[in-house]
Structures are given as C-alpha cells and as structure tokens.
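Peer 1: Structure for this input, please:
(chains A and B)
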Amino acid sequence: AQRVTQPEKLLSVFKGAPVELKCNYSYSGSPELFWYVQYSRQRLQLLLRHISRESIKGFTADLNKGETSFHLKKPFAQEEDSAMYYCALHKGQGAQKLVFGQGTRLTINP
Amino acid sequence: NAGVMQNPRHLVRRRGQEARLRCSPMKGHSHVYWYRQLPEEGLKFMVYLQKENIIDESGMPKERFSAEFPKEGPSILRIQQVVRGDSAAYFCASSGGGVPEQYFGPGTRLTVT
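Peer 2: You can find the predicted model right below:
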C-alpha cells in the first residue's frame, strides 16, 4: 500500500532562515510526487511536482528514490510562506487518486 | 475559468439526516475525486468518478455513502443518516485527460449536531 509520511505537524522558522519540510513515502513502483499548499482561507493548490523539476516561489523539491524522500526546501523563508503544506503521491499511471501526508503547518516568524 | 466549485461551503445536519455535497469540476475536466479531511488529519481519498461511471471507490465507507457524476450537472456526494463522526471537510478535485495533476475546490465543511 502507498503511504506518505510528513513527520513534522508544526514547523516554525524565522524570516530569512532556510526551510525544509520533510516528506517520506512508501511505494514499490515509480510514483509521481507533489507538494500542495493551503494558505489561510484559500483552497489547496498545487505548488510543485517532481517531474517538472522547477522552482516555484523559491521552493524546490528533489525526489530521492534511494531514501524514498521528497523534501521541500527554500533557502530564505518569507512571511508569506506561512501555510499548510501537504506532500502527495500519485501512482504515476494516468488519472488516479492522490495519497496525502498529514500536512505540516509552517509558520514564518518576523 | 472559475476553477472547481463546491457547494454548500458549510452544511449543518442533525444526526440521522441526509447530507448532499455538490462539486462542479473545472471546465474541460471529466475526472472528479472526493477526499475527506477529519480534524487534525490529512486528506483521505474516498472515490474517483468519470461521467456516469465510478472508477475507484476503494476509500468509500461501505454504508451510507454514495457518489455520482451524471452526464449533466455536478458530481454529488451523498451521506445518508449522518452521524457525528461524519463531521469533516469534504474536498472535491478534478483533472483532465488522464494527467495526474488535480485541482481542488474550496471544500464543504459538514457539521453533524
């Protein structure tokens, strides 16, 4: 069965400090991994997908198949980054369900 | 493009009543997914539908819950005889053309009193 683990429910860092939100997964196939973000009073929105290998809002995430991880990183946190972040796994074959982690609430302190 | 629409945004039901949650996918999307988020938990998959077909209902409770996506109109998640444990946020997502990216609606927060 597929599983996504985000070990930190809460993460608090100061503005300008580096941020790393951890995500580990278990799946025997070749998954696609995503990061979704939910800002206060807004809907869940797609932040990153590993396959595109892009940087969005300064965030990057690299899929490490050896460690089965997909950690989200940003070198310099900004106050507007405060939000709920969800890591999600897709089995990588067409249209299928997403398996979500429990989420990490990131707070950026001024 | 208004994105995925859900209504109502908030729904209060007494125990034993029925709850109907509606979802209109993004324009051009034919795949709809329903997820449930219990307090302090992540989103859990419930059901995946295409027009007039249930493709995967492996996350649906066996009783009282049903979903449909008719040829015309929104997708409906129906919960019969609601109980307190059904209180949660229910999110709908849609995707198009078999691609994995899903776009989410704002959710319906169901409260059972």
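Peer 1: what about B:H29, how many neighbours?
Peer 2: Other residues near B:H29 number 18, with proximity taken as other CB atoms under 10 Å in any protein chain shown. To be clear about C-beta, it is placed using only N, CA and C from the backbone, and glycine gets the same treatment.
Peer 1: what's the residue closest to the geometric middle of chain B?
Peer 2: Centrality entry for chain B: nearest residue to the mean C-alpha point is B:W34, 3.8 Å, by CA atoms, centre = their mean.
Peer 1: Apart from its neighbours in sequence, what residue is nearest that residue?
Peer 2: B:M46 (4.4 Å; CB to CB, 6 or more residues apart in numbering or on different chains).
Peer 1: Look up how far A:Q2 lies from the one you found.
Peer 2: Distance of B:M46 to A:Q2, given as CB to CB, to the nearest Å: 16 Å.
Peer 1: in the sheet, who's paired with residue 32?
Peer 2: Assuming you mean chain A. A:H90 (DSSP bridges).
Peer 1: My question was about chain B, not that one.
Peer 2: B:L49, B:S94.
Peer 1: before we move on, what about B:Y103?
Peer 2: According to DSSP bridges, beta-bridge pairing links B:Y103 with B:S94.
Peer 1: okay, now it: neighbour count?
Peer 2: 19.
Peer 1: pretty sure it contacts A:L98?
Peer 2: No: B:Y103 lies out of contact with A:L98 (CB atoms under 8 Å); the separation is 11.5 Å.
Peer 1: wait, what's in contact with residue 39?
Peer 2: Reading this off chain A. Counting by CB atoms under 8 Å, 6 or more residues apart in numbering or on different chains, A:Y39 makes contact with A:82-83.
Peer 1: um, chain B though
Peer 2: Here B:P39 is in contact with B:87-88 (criterion: CB under 8 Å, 6+ apart).
Peer 1: coming back round to it: looking at B:M46 and A:Q2, which has the bigger crowd around it?
Peer 2: Neighbour count, other CB under 10 Å: between B:M46 and A:Q2, B:M46 has more, with 22 against 15.
Peer 1: Kindly provide the distance from the more buried one to B:R78.
Peer 2: 12 Å.
Peer 1: Same check on B:C92?
Peer 2: 13 Å.
Peer 1: which residues do these two both contact?
Peer 2: Here B:C92 and B:R78 share the contacting residues B:L21, scored by CB under 8 Å, 6+ apart.
Peer 1: Compare the two (neighbour count), which wins?
Peer 2: Neighbours were tallied for B:C92 and for B:R78 using other CB under 10 Å; the higher tally belongs to B:C92 (28 against 13).
Peer 1: for the more buried one, what are its contacts?
Peer 2: B:C92 neighbours (CB under 8 Å, 6+ apart): B:4, B:6, B:21, B:23, B:25, B:32-35, B:75, B:77, B:104-105, B:107.
Peer 1: B:L43: how many residues sit nearby?
Peer 2: 27.
Peer 1: Equivalent analysis for A:P75, please.
Peer 2: A:P75, neighbours per other CB under 10 Å, totals 12.
Peer 1: now it, nearest residue through space, not along the chain?
Peer 2: A:P18 (5.3 Å).
Peer 1: ok, how many other residues are close to that neighbour?
Peer 2: 10.
Peer 1: B:P8 and B:T108 touch, don't they?
Peer 2: Yes: assessed by CB under 8 Å, B:P8 is found in contact with B:T108 at 6.1 Å.
Peer 1: Specify which residue of these two has the higher count of neighbours.
Peer 2: B:T108 (22 against 13).
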